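>>> My questions are about this predicted structure, shown below with the sequence.
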Amino acid sequence: MNEARDRKRLQAFGENLRNIRENLNLSQDQVVAKCDVTKGNLSNIENGNKDFTFTTLLEIAKGLSVHPKELLDF
């Protein structure tokens, strides 16, 4: 496992997630109201501080009303 590489990937994903959310003019509260993710988890993911599961990825995509592929395009 390459921790530095993994950290960079999590940070890049988080930045992309935040950009998508902000481009949709959604707050974190609005996103979590539509999905099964806590605001704390969403914040940690956006900041690249938390790894997450595939099901969490799907929930976030649902909360943003986007295809999961968009979240992975970074």
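Received the coordinates, thanks. Numbering: from 1, shown residues only.
>>> Would you map the helices across the chain?
Using DSSP state H, the helices of the chain run over 3-23, 28-33, 39-46, 54-64, 68-72.
>>> Columns mean neighbour count and mean pLDDT on top of those, output as JSON lines?
To be clear about C-beta, it is placed using only N, CA and C from the backbone, and glycine gets the same treatment. Below are the helices of the chain laid out as JSON lines (neighbours: other C-beta atoms under 10 Å; pLDDT from 0 to 100):
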{"stretch": "helix 3-23", "mean neighbour count": "14", "mean pLDDT": "97"}
{"stretch": "helix 28-33", "mean neighbour count": "15", "mean pLDDT": "97"}
{"stretch": "helix 39-46", "mean neighbour count": "18", "mean pLDDT": "98"}
{"stretch": "helix 54-64", "mean neighbour count": "17", "mean pLDDT": "97"}
{"stretch": "helix 68-72", "mean neighbour count": "13", "mean pLDDT": "97"}
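>>> How much space separates the residue positioned nearest the centre of the chain from L64?
The centroid of the chain falls nearest to L17 when counting by C-alpha atoms, centre = their mean (4.5 Å). Distance of L17 to L64, given as C-beta to C-beta, to the nearest Å: 8 Å.
>>> likewise R18?
Distance check for R18 against L64: by C-beta to C-beta, it reads 11 Å.
>>> and what of K39?
To L64, K39 is 14 Å away according to C-beta to C-beta.
>>> quick one: D73 and A61, what's the gap?
12 Å.
>>> And S65, how far from R9?
Computed with C-beta to C-beta, the distance linking S65 and R9 is 24 Å.
>>> Equivalent analysis for K34, please.
Using C-beta to C-beta, K34 is found at 25 Å from R9.
>>> try T55
Counting by C-beta to C-beta, the gap from T55 to R9 is 19 Å.
>>> Count the residues that sit near the nearest residue to E59 once chain neighbours are set aside.
Distances taken as C-beta to C-beta, 6 or more residues apart in numbering put C35 closest to E59, at 4.2 Å, once the chain neighbours are dropped. Here the number of neighbours of C35 (other C-beta atoms under 10 Å) works out to 17.
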